[in-house]
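Novice: Please work out how this folds:
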Amino acid sequence: MKFVLIFGPQAVGKMTVGHELEKITDLKLFHNHMTIELLAPYFGFSREMWGLVNKFRQDIFELAAASDMYGMIFTYVWGFDLQSDWDYVDKICKIFEDKDGEVYFVELEADLEERIERNKTPHRLEHKPTKRDIVRSELDLKRTMEQHRLNSLEGEIKKENYIRINNTHITACNVAEIIKNKFNI
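Specialist: From the prediction side, this is the model:
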């Protein structure tokens, strides 16, 4: 089992790259909004919703890790200033590592202006209904960036299977090819 964790700030292209990587590998994409979009219409962005999101994700990760699935891609906005996010990443990676899975870290970064444009793309809005209020979504994007550090510092991630890609001027297809070739997946 291969577990590819694609992380970076909102609208950096995690899901879009994940879709492209899914097309050229046998990996299955499980982007973070799949559980959010399922539950938000019922519970809003409440503590209860986030509890269910985390429970569903955990169950899905455990089932995938124990299966004969080739691999999974998961997308995540990682607050590097939050110990709880570090702990969460460790926890989900351990699920796969405990089943002899291989974990790959893909960090994406892009200029703010590019991310603001990507925040409005039809592909993003199709898959993430909670982002369709563009004004609110853009405000949230900027506020989260101001409140948290959403990209790692140089040398902060000490994993063997790690790549950082500035995809401001690189297509999602090209980023997927870079990931596939780097990790031979």
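
Novice: Tell me which stretches of this protein form helices.
Specialist: Listed from the start of the chain, the chain has helices (DSSP state H) covering 14-24, 33-43, 47-66, 83-97, 112-118, 122-127, 134-147, 172-183.

Novice: Name the residues that touch the shortest one?
Specialist: Residues external to helix 122-127 that are found in contact with it (Cβ atoms under 8 Å, 6 or more residues apart in numbering): 11, 15, 16, 19, 31, 33, 37, 118, 131, 132. For glycine as for every other residue, the C-beta is placed from the backbone atoms N, C-alpha and C.

Novice: Regarding this protein, what is its longest strand?
Specialist: Criterion DSSP state E: the longest strand present in the chain is strand 102-109.

Novice: Buried residues of that one, list them for me.
Specialist: Applying a neighbour-count criterion of 16 or more other Cβ atoms under 10 Å, one finds 103, 104, 105, 106, 107, 108, 109 buried in strand 102-109.

Novice: Leaving out sequence neighbours, find the closest residue to the residue nearest the centre of the chain.
Specialist: Central residue check for the chain by Cα atoms, centre = their mean: the C-alpha nearest the mean position is that of residue 75, 1.5 Å away. Distances taken as Cβ to Cβ, 6 or more residues apart in numbering place residue 14 nearest to residue 75, at 3.8 Å, with adjacent residues excluded.

Novice: Compute the distance between the one you found and residue 50, please.
Specialist: If you measure residue 14 against residue 50 using Cβ to Cβ, to the nearest Å, the figure is 19 Å.

Novice: So which of the two has more stuff around it?
Specialist: Taking other Cβ atoms under 10 Å, residue 14 and residue 50 do not tie; residue 14 has more neighbours (28 against 14).

Novice: is it true that that one touches residue 109?
Specialist: No: if you go by Cβ atoms under 8 Å, residue 14 and residue 109 don't touch, sitting 11.0 Å apart.

Novice: Overlap in contacts, these two.
Specialist: Shared contacts of residue 14 and residue 109, counting by Cβ under 8 Å, 6+ apart, come down to residue 8.

Novice: show me what contacts the most far-flung residue of the chain relative to its centre?
Specialist: Distance from the C-alpha centroid of the chain peaks at residue 42, with 23.0 Å (Cα atoms, centre = their mean). With Cβ under 8 Å, 6+ apart as the criterion, the residues that contact residue 42 are residue 49.
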